[in-house]
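Chemist: Quick one: sequence and predicted model below, then my questions.
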Amino acid sequence: MKRAYLYLLASLFVTLGVSAQSAERKLAFDNYHRYYNEAAQTQNVQKEKAIKKYRDFYAEQAHRKHTMKPSLNLQGILKVWRDDGLFEDMALKEKEIMESKDQGQIGPYLEEAFTRVWTVAEEFRAERMGVSLDRSVFKKCQKAILYYGNLEVNRSNRVHRFHPSCFGMPTAAVNTYFSFLKQMDAVERGKSKDQELIDACDMLKVIGLQAWTQPLRHDATDQNVIQLDRFRNHVWWVGGNALAYRSLLQVAIMYKSIPMIDLLGEVAQRGIDYTAQNIYKESFWTEGCTADGAGWGHGMQCLIWGYPIDGNINALDMLTLLKGTPWDRKLSEQNVKTLFNFFQGSSWFYYKGYILPFLDRGTMAYKPDKRDVGTLKMVRKLLKDWQDSFTNEQLSELRRFQKDAERYVLNMDGYTDGIYSGTRWFFNNDKLIKKNSKYHIMVNMASVRCDGLESATNTADEYNFYPTDGMTLFQKRGDEYAKVVGAWDVTATPGVTAREGMEKLTPVTNWRGYCSMHNFAAAATNGGVNAVAGYIFEKMNASDKEGVNDKGNSAKENEVLYGVKAYKSYFMLGDYLVALGAGITNYQPEMPGMIRTTIDQTLHESQVTAMQDGKQIPVGKGVWSFFVGGKPVWAVQQGKFAYTVLPEYTKNASFVYETQKTDWVKRNLSNRTKKDLPEQVDILRLWIDHSQTPVNDTYGYVVYAGEGLPATELPFQVLRNDTLIQAAQSKDEKVLEAVFYDSNEKLVSGKTELSVSAPCAVLVDDGKLTVTDAAMNRDLKEIVVTYNGKRISVEMAQGAFCGKPATVNL
């Protein structure tokens, strides 16, 4: 009686839903009939034969089976599955969930139902069940498809029907369809009179089509989804969100649609290309590989290991599936160029078996072990399926990459500086990296040209507030930070100038992260050991930019983040990094909290000593000043890095090594299922205090990355540190580095004179001059540098490579 009552309620609810949402259901079925009929009217004998082979293939092979994760196992599903097709355990909650109109519950609820049907369908595909012998189960499949399908197609399109509606349910539907291909074929040939089976076949195709139709874009492409523009200029329809998670090709094969497959071949090939700020509107995809060798996802944020790889490898997968068919395509010269640029660039974000932290929203998920570099699977695929697309030299590089990557060391010795090692400016991502076999340094700057790093409460990292605020990381092994972020005070992120107050931060979902409101960031490097970089930092929420359609819930939250401005620069001189800050001002001095610049917050794993004038001073527990007897000391961690401050620019600086409790679950909820999480960790923290009310304050600090101890006398001198120019020079005057915030200013120091015609970063090194436009100005054709009376015109890169360093011989 109770079951009958529940079924009556549920049926009544569906009837009411159909009535209330008939427009949505009508649109779904109209689209199905339209695209199915268009497919039937397009004829090509060879392509039709190829589709038949694909259908036979998918009748035996599941697609994206790794996503088939129902909450119950097979026996559990069968136990709660009623004769009317409803799942008993779900029916009890259904009315409440559906009436709540909470899409965060409704989508996953319906996806669970379709995934359960798919799980059972796989038993039929594998012939562990049979349509005749297990007739009752087969009927339950049909009833469930119709019942839960009706709930899905009647959902409002005024909300964003994302993950479950466009990824999960279509994948379950297309797999269920092909698991019963014999019965589906009979329906489509008019050989079946089983109306329920006919309706179920229709419903599977309706749900499957959502891979192409959902979420609605509310633009012209909703009127015709089989067009190139459907897969351009929208975060839901480019990169990984386009080709990786949507079962597009499989739905096209289900529909026997030649036009769909024609389109997908072109989308896959054109998707293997790069984008950049200055070709953003012209790029085929606005996410994926970037011209600098890195990549974007969810806007202009450096998610190099996620969306760019997912988009590219699935484009390659699709092109591989089309090999030997009428849709066969060869990799173009631009495809090859893009892939090699990405392999080379991505290697800088990986060190000795470890992924660099804060390049995705899962850094704080505890993963202590070495991992393959993400691009290795792409290289393997190219060597397996696409060797005919490459020259012998390119094949040699791919094989070398694979060999190095499989040993967790991407040194790639013998290649020109700046390709796999040395220094490299990722101009589309505001990142300067130095990489060699001894150490790795990353300076993660910020500008309004890039987005920050996303965070998401309950599903990903919850404290990604500072990674693109000038975060500066120093590593010799590759996992120094991965082990300590669970105990980090994130307001003391290394390299960042910020207001203290970890306890004041509230986790938010912010799909664009945080950036600087200023259009100034540049680094000058010719690929060698020396480089210079600088930017103007004043924090803003990247979700506040125009055109952001996935803002999250971060607006007006966490005021502690804002109101601090600083001019920050970095000078890589041999094994030394010099960091300068100027113009440090707190525009909200009434807000509690000291303004501080953190030098480092790293793993404490060996003896820490202080060194002054070549003499070592034992360091014990507690906070130590960087000044002893009025003179600065080096804080040295044995076998790691050494740190000191420049007294002419730094007045109050300290360091401490301490044991801190971790809170891994607070940082990323996925850690709750992990065992052996470290409960505490030893941390070495070094910082500079600016007081609560700094106005135009400065700092200067030095990090020595070489072997042994730093020289007693610094091998360089700072020439200037203010809001107009920041500059440093080697003592032998062979290397000069400068950041010009104002092109009307001239750098004069002793016999050295340097001026520029536009804001930029300048490197004079080994008879070469390197200049980088700090504003990425597409209209700027050249920067004129006047060096010791000599006028030198340096052409700026154009198009996709605008913002790339330009080097000329002096």
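Modeler: Looks like it arrived, so ask away. Quick caveat, the model's predicted, so the values are computed rather than measured.
Chemist: make it CA atoms for all contacts and neighbour counts henceforth
Modeler: OK.
Chemist: Quick check: the residue positioned nearest the centre of the chain vs G527, distance?
Modeler: Closest residue to the average C-alpha location of the chain: L303 at 1.6 Å, with C-alpha atoms, centre = their mean. Distance, L303 to G527, using C-alpha to C-alpha, to the nearest Å: 23 Å.
Chemist: which SS state does S793 fall under?
Modeler: strand (DSSP: H, G, I helix; E, B strand; the rest coil).
Chemist: Quick check: bridge partners of it?
Modeler: Beta-bridge pairing of S793 under DSSP bridges involves V784.
Chemist: Surely it touches V771?
Modeler: No: using C-alpha atoms under 8 Å, S793 makes no contact with V771, being 10.2 Å away.
Chemist: Find residues that contact each of those two.
Modeler: Shared contacts of S793 and V771 (C-alpha atoms under 8 Å, 6 or more residues apart in numbering): I783.
Chemist: So for these two, which sits in the more crowded spot?
Modeler: Using other C-alpha atoms under 10 Å, the more surrounded residue of S793 and V771 is V771, with 32 against 15.
Chemist: tell me which residues of whichever strand or helix holds the more buried one are tucked away?
Modeler: In this assignment (DSSP states H and E), V771 forms part of strand 768-773. For strand 768-773, burial by neighbour count (16 or more other C-alpha atoms under 10 Å) applies to 769-773.
Chemist: tally of neighbours for P357?
Modeler: By the criterion of other C-alpha under 10 Å, P357 has 20 neighbours.
Chemist: isn't there a helix covering it?
Modeler: No: per three-state DSSP, P357 lies outside any helix segment and is coil.
Chemist: Enumerate every residue touching it.
Modeler: P357 touches 363, 481-482, counting by C-alpha under 8 Å, 6+ apart.
Chemist: how about the nearest residue to M129, chain neighbours excluded?
Modeler: Here the nearest residue to M129 in space, its sequence neighbours aside, is E123; by C-alpha to C-alpha, 6 or more residues apart in numbering that works out to 5.5 Å.
Chemist: Which secondary structure element is home to that neighbour?
Modeler: Using DSSP H and E, E123 sits in helix 103-125.
Chemist: Tell me the helices and strands packed up against that helix.
Modeler: Counting by 3 or more C-alpha pairs under 8 Å, 6 or more residues apart in numbering; DSSP states H and E, the packing neighbours recorded for helix 103-125 are helix 74-80, helix 88-100, helix 135-153, helix 169-179.
Chemist: That one relative to helix 88-100, how many degrees between them?
Modeler: 150 degrees (axes from the mean of the first three to the mean of the last three C-alpha atoms, to 10 degrees).
Chemist: ok, residues contacting helix 103-125?
Modeler: The contact list for helix 103-125 (C-alpha under 8 Å, 6+ apart) reads 59-60, 68-72, 74, 77, 87, 97-98, 129-131, 141, 144-145, 148, 151-152, 159, 161, 163-165, 168-169, 172-173, 175-176, 178-180.
Chemist: can you pull the buried residues of that helix?
Modeler: Of the residues in helix 103-125, 103, 106-122, 124-125 count as buried by neighbour count, 16+ other C-alpha under 10 Å.
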